[in-house]
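>>> just need the structure, nothing else, for what follows:
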Amino acid sequence: MCSSQANTIICLQDHFSQIEGECRKELIKLTEIQADNIKLDRQLYLSCADEQMHYCRQFPPGSGKVFKCLMQHYDEHLTDKCRNHLLRRQRMISEDYRISKGLMRACKEDIKRAHCRRQTSDDKSIRLAQVLLCLENIMKNGTRVDSECEAEMRDHRKILMEDYRVSPEIVDGCSLDIKRFCSDLEVGGKTLHCLMEHARGKNSKKRIRDTCMRALEQVIKESDAAEDWRVDPVLYEACFPVVKIACKGLAGGDARIMTCLMDNIGEEVMIEECEDALIQIQYFVARDFKLDTQLFRACKEDAKAMCNADSDWENPNKQNPEKDPLVLPCLYRNAFHEDAELKLKPRCFEQIKRVMRQRALSVDLNPKIEEDCLPDLAMSCFDKTAKGEELLCLQSNLDKLQTQCKTSIINYTEAEAEHIELNPYIMRNCKEIMETVCRNELDNEHGDVMNCLISHKNDIVLISLKDIRFSYKFKIACKPYAIRFCQNERTKAGVVSCLSEKVVNDTMQGIRSDIQRECRQQLKAQLFQQRESVDYDIKLAKACENDIRKYCSNIPHGSAQVLECLQTTTNELSDSCQIELFKIKKEEITDNSVDYALITMCADTIEQFCPKYEKEHVLDCLKKHKDETGFNKKCRLVVVHRIVEQNSDYRLNPSLQENCKLDIRKFCGDIISEEKPDKELNGKVIKCLRKSFRQSRLTNKCEKEMVGILRERALDLRLNPLLRAVCKDELETICKIESEEDDGKAEECLKAAFLNRRIPTVACQEEVANLIEESQADINTDPFLQQACALDILKYCSDIPQGSGRHIKCLRLVMTDKSKDLSPECTSMFKKRIEMYRNADALIAPESLQQLYTQVVGSPVKHYFFFVILMVIGTIFVIGIFCGRVSRRHMLIKNK
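Modelled structure (predicted):
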């Protein structure tokens, strides 16, 4: 119900869309009169009195300018009452443009000249959207409008983007979507951008409905938000700092600022809030080529001729509005048509290339690819959310794509290869190099620039390595530290080596590095680049020149293959090569992200098994999952090589170094002091720790660490290069292990051969005996025995701590106890192990009195040993007594 005259008018205005006939006409006339003097709209005047005094005191109430002034401060601190009454007025304007006195006066002649009222009678109201679209149409087709009219149009377009409630289409079509996705936002432009964000969702459950999508498309077209960034308050606020720096000097309008912002996506000046708001608008622009002002002007004739599009920007009589989204894909196809007569005009072709380059940063901006590849994006690239990652993911997974998607990606990638400017990454990162090295090819199409870059890749990298000044970002980030720590280095390669060694040493010592994050990031990039080819690491190439010729002459220099070859032949390398190689190993272990072979060979595996792991420490994660189903075989081989490297020198194994530092200092200090600090120890410290492990002399932390290492070795022959070397013949003739992934069968075979005395090589016998001795120290280093007796240990030895051979002793006691029974599988295997222990004890000489005592006590003929020892002691005792008596008699005779 409506009471009082003022409230009755407000009530009618709130329900204007439902009113017809003479009442509607009279209400429009009354609202027009109110527009001349704010006092005539009493409720608005009273509700906004304070705001009027604060913001608009320079305008008299009867000037007709107060309402416009208040709307210009709509986003500022207005009261809810004032804002609601302003919204009521603006809704009326959206229903009939004549209620806006400013727009009607400024645009009267332009509206008449454009025949914007041709389709309506004088007594019929004309919606604001109709007038705006009509005037925009003549502007897009090259006709200029009065500057005051253009300014009024911009103000009214801005109002459409400021508050979604002004647009009946949004209120009607998006009410459910707003409640579902955007209910927690303040009413205003942010709600529109929230809806735009949910228009892009790959998940259908998180996407807005089609009715809301159509409403958003209409509002964006009515406001022409893609043409002038100033009409979108959210975009304006988010991107103002970027425009101030990157687009300085450009005037608003004609999509100049929007184009500038799109070209700066991915640059350092771009900020996340601006990029998000920009992409949300561009998502809709990408689906209607008319919304891109520059593209429409350049291509409207080609679009009409080749794609059956309307030449008018807005045609109220057109019958096929759904045809517009198909125009841009049609232009794409003709942009690279083989028939010259069907190709686009040069002006249009340049705009198509610009659009393709800008939209390569997101699949969302490529409607054809998004539509064709939606299932593949959900299946293969669901976690690729950063800029450009989706498109790169689809290109990387080309062989796995469905036919329709595969065709789209092939066509797009083919166009990229032919026209280098369509690839935003190469254009951004290689621009200076192209202008220097490939200057002659820049004017040509057909892939000449790409071929030039590929052919000069090595030259470009090698030139950049000659001087720190040839790499701008590296120079800016690292110059202060190069001056401070690397004064004697004259080349960039020397500076990179010096600074990286500084970072590695700081990390290994557990101290915070003086080199700040920006420089460390650049160092990572440089080191990763060097690892790709031995030619890029000048110091390594020089130190290992003869070794490469001798051991890796047939290995290609790319993809870090020579480096991997050198790392697998470490023991045979020259001292100078070993020293440089050891530096690289330390760098890669300290920061896995510079390990080229690991990162490239394991890229998919990392995404599958370790997506949340930092790349700097991803090797730890890969080691945990290397034996799981689905783990890439090539990646597993690289991971195994890295584990072998870690076990060759404790300094390459951070966990071992941390847990065994006291034991290493106590038992292996002499070994370390005898070796050069910059040379690899080739397993000497691990061998020393194994010896102390067998003697149960290690601390608990170190013992657990060694158990893990020895168990891994027992299950994978590749992790025990010493055993592979000394037992090479036995592995080939006796065990006949065909696959390198032996699951512990190789070591078990050698143990069985040792038990049956079938191993002829002394060195192999000793190494297998050491393995058996280690299994006595801890049953977990013997996976087969531990698995066979797991239930028995749980049953009889669960309260006994692990280590120091306690579980083995427990099983021995249980076996001799007639009241207890071991399982048949455990009994059978444990009896064989006991026999192995005897053979090993007989072969290995005791290294201490404690070990001698242990061997005697554990021997099956220990009673015989004790009898012999007692006989020896008794004999010595009798001889002593006899000799004592003789000496006493001799003394007595002498005294007489």
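>>> which one is P367 nearest to, not counting chain neighbours?
Take P367 and drop its neighbours on the chain: the residue closest to it by Cβ to Cβ, 6 or more residues apart in numbering is R287, 5.2 Å away. (Each C-beta comes from the backbone N, C-alpha and C, glycine too.)
>>> actually, L176.
Using Cβ to Cβ, 6+ apart, the closest residue to L176 is R209 (7.1 Å).
>>> the residue nearest to P367 against E217, yeah?
Yes: applying Cβ atoms under 8 Å, one finds R287 in contact with E217, separated by 7.5 Å.
>>> returning to that earlier point: report pLDDT for the residue nearest to P367.
Listed pLDDT for R287 reads 78.
>>> and it, which of the three is it?
Following DSSP: H, G, I helix; E, B strand; the rest coil, the label given to R287 is coil.
>>> tell me how far it lies from C299.
16 Å (Cβ to Cβ, to the nearest Å).
>>> settle it for me: which of those two has more neighbours?
Comparing R287 with C299 by other Cβ atoms under 10 Å, the one with more neighbours is C299, at 29 against 20.
>>> list the residues that contact that one.
Contacts for C299 (Cβ atoms under 8 Å, 6 or more residues apart in numbering) come out as 289, 331, 344, 348, 351-352.
>>> and the residues you listed, which of them are in helices?
331, 348, 351-352 (DSSP state H).
>>> let me have the residues you listed in TSV, extended by pLDDT and neighbour count.
Formatted as TSV, the ones in helices among the contacts of C299 follow (pLDDT from 0 to 100; neighbours: other Cβ atoms under 10 Å):
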residue	pLDDT	neighbour count
L331	80	23
C348	87	22
Q351	84	24
I352	81	25
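>>> which two among the residues you listed are spaced furthest apart?
L331 and Q351 (9.0 Å; Cβ to Cβ).
>>> endpoints of stretch 689-701, how far apart?
This stretch, stretch 689-701, spans 13 Å end to end (Cα to Cα, to the nearest Å).
>>> in that stretch, what counts as buried?
By neighbour count with 16 or more other Cβ atoms under 10 Å, stretch 689-701 contains the buried residues 689-698.
>>> quick one, helices of the stretch 701-850 of the chain?
721-726, 728-730, 745-755, 762-777, 783-788, 790-796, 806-816, 824-843, 849-858 (DSSP state H, counting those that start in this stretch).
>>> who wins for proximity to L662 among the ones you listed?
Taking Cβ to Cβ, helix 762-777 is the member of the helices of the stretch 701-850 of the chain nearest to L662, at 18.6 Å.
>>> what mean pLDDT does that closest one get?
Mean pLDDT, computed over helix 762-777, is 90.
>>> where's it relative to the chain centroid, distance-wise?
Distance of helix 762-777 from the chain centroid (Cα atoms, centre = their mean, to the nearest Å) equals 45 Å.
>>> one step back: now, which of the ones in helices among the contacts of C299 sits nearest G683?
Relative to G683, and with distances defined as Cβ to Cβ, the nearest of the ones in helices among the contacts of C299 is I352, at 62.0 Å.
>>> wait, that closest one touches L344, no?
Yes: applying Cβ under 8 Å, one finds I352 in contact with L344, separated by 6.5 Å.
>>> what do the two both touch?
299, 331, 335.
>>> for the first one, give its distance to T569.
What that stands for is C299. Taking Cβ to Cβ, one finds C299 at 61 Å from T569.
>>> over to the last one?
For A335, the distance to T569 under the criterion Cβ to Cβ works out to 53 Å.
>>> go on, the second one?
Going from L331 to T569 by Cβ to Cβ gives 57 Å.
>>> what of C602?
Taken as Cβ to Cβ, the span from C602 to T569 is 22 Å.
>>> those two: who's more crowded?
Shown here are C602 and T569; by other Cβ under 10 Å, C602 has more neighbours (26 against 14).
>>> give me the number of residues near the nearest residue to that one once chain neighbours are set aside?
Of all residues not flanking C602 in the chain, C635 sits nearest, at 3.9 Å (Cβ to Cβ, 6+ apart). Around C635 there are 23 other residues, counting by other Cβ under 10 Å.
>>> tell me the buried residues in the helix or strand where C635 lies?
Secondary-structure assignment from DSSP states H and E places C635 in helix 633-648. The neighbour-count check on helix 633-648 (16+ other Cβ under 10 Å) flags 635-648 as buried.
>>> which strands or helices does the next helix or strand after that helix pack on?
Next along the chain after helix 633-648, taking DSSP H and E as the criterion, comes helix 654-659. Contacts defined by 3 or more Cβ pairs under 8 Å, 6 or more residues apart in numbering; DSSP states H and E place helix 654-659 against helix 700-715.
>>> list the buried residues of the helix it packs on.
So helix 700-715, judged by 16+ other Cβ under 10 Å, has buried residues 702-707, 709-715.
>>> pick out whichever of these sits closest to S63.
For the buried residues of helix 700-715, the nearest to S63 is E705 (84.8 Å; Cβ to Cβ).
>>> can you report how many residues neighbour the closest residue to the closest one other than its chain neighbours?
Computed as Cβ to Cβ, 6+ apart, the closest residue to E705 that is not its neighbour in sequence is N659, at 4.3 Å. Neighbourhood size, N659 [other Cβ under 10 Å]: 21.
>>> residue contacts, N659?
Neighbouring residues of N659 by Cβ under 8 Å, 6+ apart: 701-702, 704-705.
>>> if you set the cut-off to 6 Å instead, what comes out?
701-702, 705 (Cβ atoms under 6 Å, 6 or more residues apart in numbering).
>>> any chance of those residues in JSON lines, plus pLDDT?
JSON lines is the format used below for the contacts of N659 (pLDDT from 0 to 100):
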{"residue": "K701", "pLDDT": "91"}
{"residue": "C702", "pLDDT": "93"}
{"residue": "E705", "pLDDT": "91"}
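>>> go through the residues you listed and name the one nearest L135.
The closest of those to L135 turns out to be E705 (Cβ to Cβ; 77.4 Å).
>>> now do the contacts for that closest one.
Contacts for E705 (Cβ under 6 Å, 6+ apart) come out as 656, 659-660.
>>> contact partners for A298?
With Cβ under 6 Å, 6+ apart, A298 has these contacts: 347-348, 351.
>>> for Q578, same thing?
Neighbours of Q578 in contact, by Cβ under 6 Å, 6+ apart: E680.
>>> what mean pLDDT does stretch 107-118 have?
Stretch 107-118 comes out at a mean pLDDT of 80.
>>> which secondary structure element contains C23?
helix 21-36.
>>> buried residues in that helix, which are they?
24, 27-28, 31-32, 34-35.
>>> for stretch 254-264, same thing?
Neighbour-count burial for stretch 254-264 [16+ other Cβ under 10 Å]: 255-264.
>>> likewise for stretch 192-210?
Quick answer for stretch 192-210 (16+ other Cβ under 10 Å): 192-200, 202, 207-208.
>>> hmm, V534 is touching K542, no?
No: using Cβ atoms under 6 Å, V534 makes no contact with K542, being 10.2 Å away.
>>> who's more crowded, those two?
More crowded of V534 and K542, by other Cβ under 10 Å: V534, with 23 against 11.
>>> for the closest residue to that one other than its chain neighbours, give its distance to R333.
Excluding its sequence neighbours, the residue lying closest to V534 (Cβ to Cβ, 6+ apart) is V562, at 4.3 Å. Per Cβ to Cβ, V562 is found 45 Å from R333.
>>> and these two? Which one has more around it.
Neighbour count, other Cβ under 10 Å: between V562 and R333, V562 has more, with 24 against 14.
>>> can you map out the helices along the stretch 251-400 of the chain?
Under DSSP H, counting those that start in this stretch, the stretch 251-400 of the chain gives helices at 256-263, 272-285, 293-307, 327-335, 346-359, 367-380, 389-396.
>>> how deep is T568 tucked in, by neighbour count?
14.
>>> quick one, grab the pLDDT at it.
82.
>>> cool, the one 4 residues further on as well?
With respect to pLDDT, E572 scores 84.
>>> can you count the residues close to it?
When neighbours are defined as other Cβ under 10 Å, E572 has 11 of them.
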